[in-house]
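Asker: my questions concern the predicted model and sequence given below.
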Number of protein chains: 2
Amino acid sequence: MSDTLKLSLVSDLHVHLRQGPMMKFVVPHIKEGGIGRVLVMPNTLPPITTVEQALEYHKQLSNVDPTTIYLMTLYLTKDMTADEIQKAANTKGIITGVKFYPKGMTTHSEFGISNLIQDIPKEIFQALSDCGIVLHLHGESLESCCGSHHPTSFQLDAERSFIPTLRSLSTSFPNLKIVMEHVTTKEAVECVMNCGNNVAATITPHHLALTVDDVFANPLHYCKPIIKFPSDRDALWNVVTSGHSRFFLGSDSAPHTVEKKLQVPAAAGIYSLPYLLPLLAHLFEQHDCLDRLNDFVCNFGPRFINLPNVNTREITLKKHSLSIPNVLTTNDIQVIPFYSGKTISWSLQ
Amino acid sequence: MSDTLKLSLVSDLHVHLRQGPMMKFVVPHIKEGGIGRVLVMPNTLPPITTVEQALEYHKQLSNVDPTTIYLMTLYLTKDMTADEIQKAANTKGIITGVKFYPKGMTTHSEFGISNLIQDIPKEIFQALSDCGIVLHLHGESLESCCGSHHPTSFQLDAERSFIPTLRSLSTSFPNLKIVMEHVTTKEAVECVMNCGNNVAATITPHHLALTVDDVFANPLHYCKPIIKFPSDRDALWNVVTSGHSRFFLGSDSAPHTVEKKLQVPAAAGIYSLPYLLPLLAHLFEQHDCLDRLNDFVCNFGPRFINLPNVNTREITLKKHSLSIPNVLTTNDIQVIPFYSGKTISWSLQ
């Protein structure tokens, strides 16, 4: 294996860029981290529910760094209309998706939806399908799974409980593109594999790196969905190393201040953005699949979403140790990055 | 149900009283909390491995509060001898037990033992059995369980993995009194029930009150063994409400400073001592078994260990709301108690 690794345009198809000072802090990390294109989550305060808000947010992000390509999403609420979806489709690729949050499950999900299939009319899914707007799912449910699964823990079982919803949507709307975000369980991986080509999944670096044992004493590792068991992590690696084209990078990089991560209860989210590519190279090398990295971070996601080819950018990773800082600081903001204080074996050239 | 509840001498058969300033801080909480007798864990620094050390520790504790009855234990190491066990038995009931810690599993377990059955000679177990010294087990193992159980998480499976060891010891030494401490899983409860009358278990208030979902975002709830699933908690309540005489109170009250609980990784342990009895009354009432409380906290444990009857003390609980403080403070020490900031429906008269 060579000591350098060339990647084409890297797309991280799940990031939280926040607002205000935090936004100004984290947006530059995208480019610094070698990432050219990001799919921006809409769970701001207030949430981004309209095309107008999304375009305004896009402008704010572009003001901080105009060189990054921001793909915008709308927060799915009961007020969503087919008209708004059509408007989104007319933004020339700026708005590419709609995001479903299950009410009460994660950061700013208070605006979300309790039951996706019951609460959202079929016309909305049909409009998404017709307009080529992708449905991104935070695929967790607090309801137990059709009586077939005995719930043991709400948090550990919430993704499994969502699987029937995913299956139902994917067959009811075979042309609707669906991304099961931050997939964490063996069962969800298998469900996505068994669904048609309209269903894909993103995978985060922390769900590849850790298991639930790493979460118990460490609120820095607290995120939604909760990081699962070794057998689940094995399933993620199996699908990544096999080069399955419907599984790709969505880091779910979610910055919180040190205070919010160390308060009780801790805020849910892990911030991996600035060292994402070196960390992924480190992990992929450990799993003997460095040759899969370029497809995972550059090709599979954009191909699924049908993004335009942008071949002008290229970045190079080199085999050179990198110490991840304990904390990232600017003015009044301190954020602890994922893998803080650890040394990894790859870095950006 | 009456609005008052009289209890005879309360025995908490699993407490950590620490050393130095922390010891002086927490020891008075025993009496203030209405508890008359405690079984003191030996995982100090250095650990209490000899009769001489245990008697010295007993003296220190008595100096802080001479009105509490302290039952002392020795930390089981490979250096333990049958002679030392005989000496312990000659302390007229001051030293009543020996405690096994699996190496590396919990606070100050670095002096512990990797494999209880392989590393400790049979003569030691026989001496304990002959002398009437109780073997207290931190019943967790990092080894997987005889191939029959597929390990999913070291921490969530560590108690189940220990069950074969418990079963083996209990049949090999049928007159050896064994207490499986802080039992947390359905499987361990069933194992203790199915063992002979030489095996009992303690139960903590936090394993009765919480499930693993309460641990993820909250390092204050981080303890060993990890708090388990709703079905496990149900098993604990079932055995408590049935009035099974081999299951009794051991709070595992384990004070750490605020700093140690909120550092990463967090220290393992929950401090429930000062409000233990009101909290238990609150929880027992919620589970419609207030009539089981007196046996659980006063009778079953002392009867199993064969402690002398001490009927001189009586305390009364009354149905009156109690707000548990956010933090307990003295000089430089701050400790966050279990249920901090919550209001419960019983208090001491």
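Answerer: Right, received. Where do you want to start? Residues are numbered from 1 along each chain as shown, chains lettered A, B, ... in the order given.

Asker: near chain B, which residues of chain A show up?
Answerer: A:150-156, A:211-213, A:215-220, A:222, A:226, A:229-231, A:262, A:264-266, A:268 (CB under 8 Å from any CB of the partner chain). Placement of C-beta: from N, CA and C, glycine included.

Asker: let's go with 7 Å and repeat that
Answerer: Applying CB under 7 Å from any CB of the partner chain, we find that chain A lies next to chain B at A:152-155, A:211-213, A:215-220, A:222, A:226, A:229-231, A:262, A:264-266, A:268.

Asker: now restrict those to buried residues only.
Answerer: A:153-155, A:211-213, A:215-220, A:222, A:226, A:229, A:262, A:266, A:268 (16 or more other CB atoms under 10 Å in any protein chain shown).

Asker: sorry, back to before: among the residues of chain A next to chain B, name the ones in helices.
Answerer: Here DSSP state H is the test, and the residues of chain A next to chain B give A:154-155, A:230-231, A:262 as lying in helices.

Asker: adding pLDDT as columns, could you present those in TSV?
Answerer: Below are these laid out as TSV (pLDDT from 0 to 100):
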residue	pLDDT
A:154	81
A:155	89
A:230	93
A:231	93
A:262	95
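
Asker: quick check: the farthest pair among those residues?
Answerer: Of all pairs drawn from those, the one with the longest distance (CB to CB) is A:231 and A:262, at 30.5 Å.

Asker: so where do the helices sit in the stretch 201-349 of chain A?
Answerer: Counting by DSSP state H, counting those that start in this stretch, the stretch 201-349 of chain A has helices at residues A:205-209, A:230-241, A:258-262, A:276-286, A:293-294, A:300-305.

Asker: next one: the stretch 51-200 of chain A
Answerer: Counting by DSSP H, counting those that start in this stretch, the helices of the stretch 51-200 of chain A are A:51-64, A:82-89, A:116-119, A:122-131, A:154-172, A:186-194.

Asker: got the CA positions of the fifth one in CSV?
Answerer: Written as CSV, here are the backbone C-alpha positions of helix A:154-172 (Å, rounded to 0.1, in the frame of the first residue of the first chain):
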residue,chain,number,x,y,z
PHE,A,154,-35.8,2.6,24.2
GLN,A,155,-32.5,4.0,23.1
LEU,A,156,-30.8,0.8,22.1
ASP,A,157,-33.9,-0.5,20.2
ALA,A,158,-35.2,2.7,18.6
GLU,A,159,-33.5,2.1,15.3
ARG,A,160,-34.7,-1.5,15.0
SER,A,161,-38.2,-0.2,15.9
PHE,A,162,-38.1,2.1,12.8
ILE,A,163,-37.3,-0.7,10.3
PRO,A,164,-40.9,-1.5,9.4
THR,A,165,-41.5,2.2,8.5
LEU,A,166,-38.4,2.2,6.3
ARG,A,167,-39.5,-1.0,4.6
SER,A,168,-43.1,0.3,4.1
LEU,A,169,-42.0,3.6,2.6
SER,A,170,-39.5,2.1,0.3
THR,A,171,-42.0,-0.3,-1.3
SER,A,172,-44.9,2.2,-1.3
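
Asker: now it: buried residues?
Answerer: A:154-166, A:169-170.

Asker: so which elements touch that helix?
Answerer: Counting contacts by 3 or more CB pairs under 7 Å, 6 or more residues apart in numbering or on different chains; DSSP states H and E, helix A:154-172 packs against helix A:116-119, strand A:178-180, helix A:186-194.

Asker: identify the residues contacting residue A:241.
Answerer: By CB atoms under 7 Å, 6 or more residues apart in numbering or on different chains, the contact set of residue A:241 is A:287, A:289, A:292.

Asker: quick one: residues in contact with stretch A:210-224.
Answerer: Counting by CB under 7 Å, 6+ apart, A:105-106, A:140, A:206, A:226-230, A:233, A:261-262, A:266, A:268-270, A:336, B:153-155, B:215-217, B:219, B:222, B:226, B:264-266, B:268 sit against stretch A:210-224.

Asker: now swap in stretch A:66-80 and tell me
Answerer: A:30-31, A:36-43, A:47-49, A:54, A:57-58, A:61-62, A:88, A:94-101, A:111, A:113, A:119-120, A:124, A:136, A:310.

Asker: could you rerun that using 6 Å?
Answerer: For stretch A:66-80, the external contacting residues (CB atoms under 6 Å, 6 or more residues apart in numbering or on different chains) are A:30-31, A:37, A:39-40, A:42, A:47-49, A:54, A:58, A:61, A:94-100, A:111, A:119, A:124.

Asker: now stretch A:36-43
Answerer: A:9-17, A:30, A:48, A:69-75, A:99, A:108, A:313.

Asker: so for it, mean pLDDT?
Answerer: Across stretch A:36-43, the average pLDDT comes to 97.

Asker: check stretch A:179-187 too.
Answerer: Mean predicted confidence for stretch A:179-187 is 98.

Asker: how far off centre is it?
Answerer: Here stretch A:179-187 is found 10 Å from its chain centre; the criterion is CA atoms, centre = their mean, to the nearest Å.

Asker: related to what we said a few turns ago, which of the ones in helices among the residues of chain A next to chain B sits closest to residue B:81?
Answerer: residue A:230 (40.6 Å).

Asker: what pLDDT is listed against the closest residue to that closest one other than its chain neighbours?
Answerer: Leaving aside its sequence neighbours, residue A:230 sits nearest to residue A:211 (CB to CB, 6 or more residues apart in numbering or on different chains; 5.2 Å). On pLDDT, residue A:211 comes in at 95.

Asker: for residue A:211, give me phi and psi.
Answerer: phi -130, psi 180 (degrees, to the nearest 10).

Asker: list the residues that contact residue A:155.
Answerer: A:226, B:213, B:216.

Asker: separation between the last one and residue A:171?
Answerer: Same thing as residue B:216. Taking CB to CB, to the nearest Å as the measure, residue B:216 falls 33 Å from residue A:171.

Asker: kindly report the same for the second one.
Answerer: The spacing between residue B:213 and residue A:171, counted by CB to CB, is 32 Å.

Asker: ok, back up a step: residue A:187 is nearest to which of the helices of the stretch 201-349 of chain A?
Answerer: helix A:230-241 (8.4 Å).

Asker: now the closest one and helix A:276-286, what's the angle there?
Answerer: Taking axes from the mean of the first three to the mean of the last three CA atoms, to 10 degrees, helix A:230-241 and helix A:276-286 form an angle of 100 degrees between their directions.

Asker: now helix A:230-241: how far from the chain's centre is it?
Answerer: Distance, centroid of helix A:230-241 to centroid of chain: 17 Å (CA atoms, centre = their mean).

Asker: other residues contacting stretch A:282-300?
Answerer: A:7-8, A:10, A:208-209, A:237, A:241, A:243, A:245, A:248-249, A:344-346.

Asker: now that stretch: buried residues?
Answerer: A:282-285, A:289-290, A:292-293, A:295-300.

Asker: ok, now which ones touch the closest residue to residue A:5 other than its chain neighbours?
Answerer: With CB to CB, 6+ apart as the criterion, residue A:5 has its nearest non-adjacent residue at 4.3 Å, and that residue is residue A:317. Residues near residue A:317 by CB under 6 Å, 6+ apart: A:5, A:281, A:346.

Asker: out of the buried residues of helix A:154-172, the closest to residue B:182 would be?
Answerer: residue A:156 (21.5 Å).

Asker: for residue B:142, see how far away that closest one is.
Answerer: 21 Å.

Asker: do the same with residue A:17
Answerer: For residue A:17 relative to residue B:142 (CB to CB), the value is 41 Å.

Asker: the more surrounded of those two?
Answerer: The neighbour comparison of residue A:17 against residue B:142 (other CB atoms under 10 Å in any protein chain shown) goes to residue A:17, with 26 against 16.
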